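Q: next come a sequence and a model predicted from it.
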Amino acid sequence: MNAPPLVCPTIRVMMMPRDTNAHGTIFGGVILSYIDQAGAIEARRHTCQKFVTVAMDGVIFKEPVYVGDVLSFHTRLVSTGRTSMKIQVHVDAERFENPHVTIPVTEATLVYVAIDENRRAIPLGPLS
Ligand SMILES: CC(C)(COP(=O)(O)OP(=O)(O)OC[C@H]1O[C@@H](n2cnc3c(N)ncnc32)[C@H](O)[C@@H]1OP(=O)(O)O)[C@@H](O)C(=O)NCCC(=O)NCCS
């Protein structure tokens with residue numbers, strides 16, 4: 001996957017003790033939840049249609065995340081299909097002790113599908 005774009009992150013969040021797993025590092029599911037949220041915010045920038053997450057592909061947890069780390073979620077639309085948008089999310093961590101260094105910790109590619117009132121896939125409208 002390419003390097004993250006040098007733009008403002010879609011979400012920034014500090015990891016808290018409530019987010020930890022049994023080993024004291026941050027639970028991967030917490031990060032996945034923020035990834036889905038960041039991807040949805042990116043998708044919303046491009047369409048006003050209702051959409052749902054159909055896939056989270058290529059999830060890689062490259063480095064552990066610790067309590068006090070500040071995570072930045074960078075997003076970008078990579079492609080569109082008939083009904084779907086593919087969005088990449090890159091996550092960087094600033095360690096609590098050293099906020100001037102960012103470490104790539106996680107990445108994923110999400111697919112969002114536009115749906116109608118019956119929750120069936122529908123063609124994407126014009127994208128912004
Ligand atoms: C999203 C949903 C409506 C798609 O229904 P479907 O019958 O698979 O529809 P289609 O086969 O026409 O696929 C729709 C699009 O999704 C894409 N898609 C479907 N499954 C996919 C997968 N596993 N990975 C990547 N893309 C996928 C298709 O390629 C298609 O894209 P395109 O139209 O741009 O080419 C249906 O799967 C659904 O409701 N899923 C639950 C979504 C949800 O509730 N998410 C929240 C988390 S619980």
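A: Thanks, I have it.
Q: can you give me the helices for this protein?
A: For the chain, applying DSSP state H gives helices covering 28-46.
Q: pick out the residue nearest the middle of it.
A: By C-alpha atoms, centre = their mean, the chain has its centre lying nearest to residue 35, at 2.6 Å.
Q: residue contacts, residue 63?
A: Contact analysis of residue 63 by C-beta atoms under 8 Å, 6 or more residues apart in numbering lists 93, 103, 104, 105. Heads up, the C-betas are built off the backbone N, CA and C, glycines and all.
Q: and the pLDDT at it?
A: Residue 63 is assigned 97 on the pLDDT scale.
Q: which stretches of this protein have low pLDDT?
A: Applying pLDDT under 70 to the chain flags residues 1-6.
Q: near the ligand, which residues of it?
A: When proximity is defined by C-beta under 6 Å from any ligand atom, the chain lies next to the ligand at 52-55, 81-84, 111, 113, 115, 119, 121.
Q: filter the residues you listed to the buried ones?
A: When these are checked for burial by 16 or more other C-beta atoms under 10 Å, the buried set is 83, 84, 111, 113, 115, 121.
Q: can you redo these as a markdown table with distance to residue 43?
A: What follows is those, written out as a markdown table (distance: C-beta to C-beta, whole Å):
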| residue | distance to residue 43 |
| --- | --- |
| 83 | 12 |
| 84 | 10 |
| 111 | 10 |
| 113 | 10 |
| 115 | 12 |
| 121 | 14 |
